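Trainee: the amino acid sequence is not available; the structure is as follows:
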């Protein structure tokens, strides 16, 4: 087994696979990336809701695809219901979403990873990091302790063989040490994970899987400040025990829109499309929950961690909102399984209470629960300890991505994975860091929010978090980010070359449609002027330009023309902000800056922002504080020429 790698990725969830994939795209050498996971059979598993996208999350998934990630490809290969949300509103806040066959999604991810000769998948537990002079230089891996045999699916085995490998993954027979100048840690909910169902507590980060305990202690011993967060999942029901046909259906879009620019439209969607069903809670259920709150771990004090405010448990909903009912969507999890995901009743109540709740919902009177809901609490690293690249401030070469940084959601994890994977390679190769701006991508908003705000709950992306959302639409993700992916060197291999060709064709098609708009009139008035009118719709635009233009090209040109005046205004605002945004923050003892308020000094010391732009977004820091720091830094630079180069350049 190889022992030396350019990048080591720990964890095979959505952050880990994107980090490994991005690193492989950049490195291009066989066995240059190690992906270490407890069980290779759980790579790409959808632990909670088997769905990709949604409001703002859909934009993240599209951006991951534009940077040549794999989330979009896996989503399209396994999608069983595609729907664009918020279609009644403008293009800037619409969110593509798909319900997925969770078995097919994990299989698609595993097949892609197994087919990369650059990535060695190693089954094992990372017990410790190897640190030398403040830098990570490797990890210690112990053999997996799972009692069940590890095996790759037939499609993964075939993909590995096609890539010239004898096996899809390796299993060390004894503890080993892997060496690398860059390590990406993506532990998800596994660091000291503890699952709760009523009074019952089970160590683990996911149903049936053990927690990661050693790495949590290692981080704490290194001086990292850890937090404790909580998430949860609802019960799964047997579809055959539900009055499926008696419940109102929810259908997907008649013309589904894929996530990935590489998806073959002639074969899309690949799987048979399914519908979901709608039901709801009742006053009886709410009374039942209130009567059993003392048995709910989040109310009894049994759970230490803070849960997500925007994805609350049914216990939270009943306590916080005065409603007679809450909607519940019954979503099939797979063509191969009978299980149905109960979207809307995440819970950790005892099993007997869960059964009564489920059977009191319309259409579920005879429902059988295949898996009870549970809460899981886990350790996270407070993200003020990382840079916007994902690298920790305390240990050079150590990168964090995903729920370890206090986020929630597959899409947020995948976005961080790409950022960490790219920067891990650039660090290993001694190249400059790569950071996306808030005006370039939702990914940039995400990373900036993490390093400038103290999370009090798991972070979730919303369109409202992006001040430049007119520019950051789902439809123009490729236009914004694929040229950046090209410049970074991410468009390598077969998929990268295909993406380059697809993007070039799209760019030409957009330019062609723009020429058509300039040349065409409607009822004697230029089409370009019609597009500025609020009442002129996308359907009107499609009729005006006629056949011959792909729907995705029409959507982009329509949005660009519709928002043109606002876009110019935002771009002018961005240019004014860029000078302050890029200005490096000097390294100072902020408590010694005369006149600086204590609140500002505390925030600046805690977060150590890299730029004045980041500092300006910290809670408790005002423009007056930043002016004071700039004057102080310049004065010190003038007093001692040559000794404070970093401070002088910042001023």
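Mentor: Noted; the coordinates are in hand. For clarity, every value in this text was computed on a predicted model and none was experimentally measured.
Trainee: so where do the strands sit in the stretch 251-400 of the chain?
Mentor: Along the stretch 251-400 of the chain, counting by DSSP state E, counting those that start in this stretch, strands occupy 276-280, 327-332, 339-343, 369-371, 374-381, 398-400.
Trainee: residue 436: which of those strands is closest?
Mentor: strand 398-400 (15.4 Å; CB to CB). For every residue, glycine as well, the C-beta is placed using N, CA and C.
Trainee: what distance separates the closest one from the centre of its chain?
Mentor: The chain centroid and the centroid of strand 398-400 are separated by 16 Å, computed with CA atoms, centre = their mean, to the nearest Å.
Trainee: what packs against that strand?
Mentor: On a contact count with 3 or more CB pairs under 8 Å, 6 or more residues apart in numbering; DSSP states H and E, strand 398-400 meets strand 183-185, helix 410-428.
Trainee: let's go with 6 Å and repeat that
Mentor: When contacts are defined as 3 or more CB pairs under 6 Å, 6 or more residues apart in numbering; DSSP states H and E, strand 398-400 sits against strand 183-185.
Trainee: which residues of the stretch 1-150 of the chain score low on pLDDT?
Mentor: 1, 147-148 (pLDDT under 70).
Trainee: for it, which segments count as strands?
Mentor: Counting by DSSP E, counting those that start in this stretch, the strands of the stretch 1-150 of the chain are 7-10, 33-37, 51-53, 79-85, 95-100, 119-123, 125-132, 135-142.
Trainee: for the longest helix along the chain, buried residues please.
Mentor: Ranked by residue count, the top helix of the chain under DSSP state H comes out as helix 493-519. By neighbour count on 16 or more other CB atoms under 10 Å, the buried set for helix 493-519 is 493, 495-496, 499-500, 502-503, 506, 509-510, 513-514, 516-517.
Trainee: for stretch 203-214, same thing?
Mentor: By neighbour count on 16+ other CB under 10 Å, the buried set for stretch 203-214 is 204, 205, 206, 209, 210, 211, 212, 213, 214.
Trainee: how about residue 336: what's its closest non-neighbour residue?
Mentor: residue 103 (5.0 Å; CB to CB, 6 or more residues apart in numbering).
Trainee: and residue 516, by the same measure?
Mentor: residue 545 (5.6 Å).
Trainee: okay, now that neighbour: neighbour count?
Mentor: Residue 545: 18 surrounding residues under other CB atoms under 10 Å.
Trainee: what does the pLDDT read for it?
Mentor: On the pLDDT scale, residue 545 is placed at 94.
Trainee: just the one 10 residues further on next, same as before
Mentor: You'll see residue 555 listed with a pLDDT of 94.
Trainee: I figured residue 354 was touching residue 374, is that so?
Mentor: No. Counting by CB atoms under 6 Å, residue 354 does not reach residue 374; the two are 9.7 Å apart.
Trainee: who has more neighbours, the two?
Mentor: residue 374 (27 against 24).
Trainee: the more buried one: what's it in contact with?
Mentor: Applying CB atoms under 6 Å, 6 or more residues apart in numbering, we find residue 374 in contact with 195, 197, 348.
Trainee: which of the residues you listed tops the neighbour count?
Mentor: residue 348 (31 neighbours).
Trainee: how far away is it from residue 614?
Mentor: Distance from residue 348 to residue 614, counting by CB to CB, to the nearest Å: 37 Å.
Trainee: let's see the pLDDT reported for the residue nearest to residue 597 when sequence neighbours are not counted.
Mentor: Of all residues not flanking residue 597 in the chain, residue 625 sits nearest, at 6.4 Å (CB to CB, 6+ apart). With respect to pLDDT, residue 625 scores 82.
Trainee: make residue 1 into 58 and carry on from there
Mentor: Renumbered: residue one is now 58, and that last one reads residue 682.
Trainee: how near is the residue nearest the centre of the chain to residue 460?
Mentor: The structure's the chain has its C-alpha centroid closest to residue 469; by CA atoms, centre = their mean the separation is 1.7 Å. For residue 469, the distance to residue 460 (CB to CB) stands at 8 Å.
Trainee: residue 105 now?
Mentor: With CB to CB as the criterion, residue 105 and residue 460 are 11 Å apart.
Trainee: residue ranges with poor pLDDT in the stretch 458-607 of the chain?
Mentor: Within the stretch 458-607 of the chain, no stretch has pLDDT under 70.
Trainee: quick one: contacts for residue 220?
Mentor: Here residue 220 is in contact with 172, 174 (CB under 6 Å, 6+ apart).
Trainee: ok, how many other residues are close to residue 188?
Mentor: Residue 188 has 18 nearby residues by other CB under 10 Å.
Trainee: any idea what it is bridged to?
Mentor: residue 193 (DSSP bridges).
Trainee: look up how far residue 651 lies from it.
Mentor: 38 Å.
Trainee: then residue 505?
Mentor: Counting by CB to CB, the gap from residue 505 to residue 651 is 29 Å.
Trainee: more neighbours, those two?
Mentor: With neighbours defined as other CB under 10 Å, residue 505 and residue 651 compare such that residue 505 has more, 22 against 6.
Trainee: give me the nearest residue to the more buried one, chain neighbours excluded.
Mentor: residue 495 (5.5 Å).
Trainee: tell me the contacts of that neighbour?
Mentor: 501, 502, 505.
Trainee: hang on, the earlier thing: as CSV, the buried residues of helix 550-576 with distance to residue 541 would be great.
Mentor: CSV is the format used below for the buried residues of helix 550-576 (distance: CB to CB, whole Å):
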residue, distance to residue 541
550, 18
552, 17
553, 13
556, 12
557, 13
559, 16
560, 11
563, 15
566, 20
567, 17
570, 23
571, 22
573, 28
574, 27
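Trainee: closest to residue 128 among these?
Mentor: Closest to residue 128 out of those is residue 552 (13.0 Å), distances taken as CB to CB.
Trainee: report the separation between that closest one and residue 586.
Mentor: The value you get for residue 552 to residue 586, if CB to CB is used, is 41 Å.
Trainee: how about residue 305?
Mentor: Distance, residue 305 to residue 586, by CB to CB: 43 Å.
Trainee: and the pLDDT at residue 704?
Mentor: The model's pLDDT for residue 704 equals 33.
Trainee: just the helices in the stretch 608-708 of the chain please.
Mentor: 608-619, 621-639, 655-664, 669-673, 680-696, 702-707 (DSSP state H, counting those that start in this stretch).
Trainee: need the contact partners of the third one.
Mentor: Which is helix 655-664. 441, 647, 648, 675, 677, 678, 682.
Trainee: local confidence estimate at the fifth one?
Mentor: It refers to residue 677. Taking residue 677 on its own, its pLDDT is 78.
Trainee: who touches the closest residue in space to residue 566 that isn't next to it in sequence in this structure?
Mentor: Excluding the flanking residues, the one nearest residue 566 by CB to CB, 6+ apart is residue 610, at 4.6 Å. By CB under 6 Å, 6+ apart, the contact set of residue 610 is 566, 567, 570.
Trainee: if you count neighbours, what's buried in stretch 530-544?
Mentor: Those would be 530, 531, 532, 533, 534, 535, 536, 537, 538, 539, 542, for stretch 530-544 by 16+ other CB under 10 Å.
Trainee: tell me how far that stretch is from the chain's mean position?
Mentor: Between the centre of stretch 530-544 and the centre of its chain there are 17 Å (CA atoms, centre = their mean).
Trainee: returning to what we had before: so which of the buried residues of stretch 530-544 are in helices?
Mentor: Using DSSP H, the buried residues of stretch 530-544 in helices are 534, 535, 536, 537, 538, 539, 542.
Trainee: how close does the fourth one sit to residue 530?
Mentor: For residue 537, the distance to residue 530 equals 9 Å [CB to CB].
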